[in-house]
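# Requesting a structural model of the entry that follows:
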Amino acid sequence: QVQLVESGGGLVQAGGSLRLSCAASGRTVSNNARAWFRQAPGEEREFVATINWNGGSTSYADSVKGRFTISRDNAKNSVFLQMNSLKPEDTAVYYCAARSGVSSNYYTSPMMYNYWGQGTQVTVSS
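Residues are numbered from 1 along each chain as shown. Below you'll find the predicted structure:
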């Protein structure tokens, strides 16, 4: 089994920055894609960013492209999300996700991930 724990959320003013971290424990998830999703109140969970196993390929939602950067440190079994130029519409609970097994691809659908963190709240004030 794998446990994912997110950290780094909080309250920030519009235009500010936050860095989210997600540490995995238990089995390694270093051989497959990792991702970040978010869910605002009353909304469905939406894709934010994903990264393949070695960090060589990434993909972003259009709404965050150019402002967010996903990265990973496989030695620490961790993934990160650097969020710059934050907007009030970025307010949501942010979840990290991981997959078991081995793959060189990244995945943007939540259905492709079988491990999830508990979420960390990000609130951006205007």
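
# for Ala75, helix, strand, or coil?
helix (DSSP: H, G, I helix; E, B strand; the rest coil).

# and it, how far is that from Ala23?
According to C-beta to C-beta, to the nearest Å, Ala75 and Ala23 sit 12 Å apart. C-beta coordinates here come from the backbone N, C-alpha and C atoms, glycine included.

# Strands of the protein, start to end?
2-7, 10-13, 18-26, 34-39, 46-51, 58-60, 68-73, 78-83, 92-98, 115-116, 120-125 (DSSP state E).

# who wins for proximity to Thr108 among those strands?
With C-beta to C-beta as the criterion, Thr108 lies closest to strand 46-51 of the strands of the chain, at 4.8 Å.

# what angle sits between that closest one and strand 34-39?
Counting by axes from the mean of the first three to the mean of the last three C-alpha atoms, to 10 degrees, strand 46-51 lies at 170 degrees to strand 34-39.
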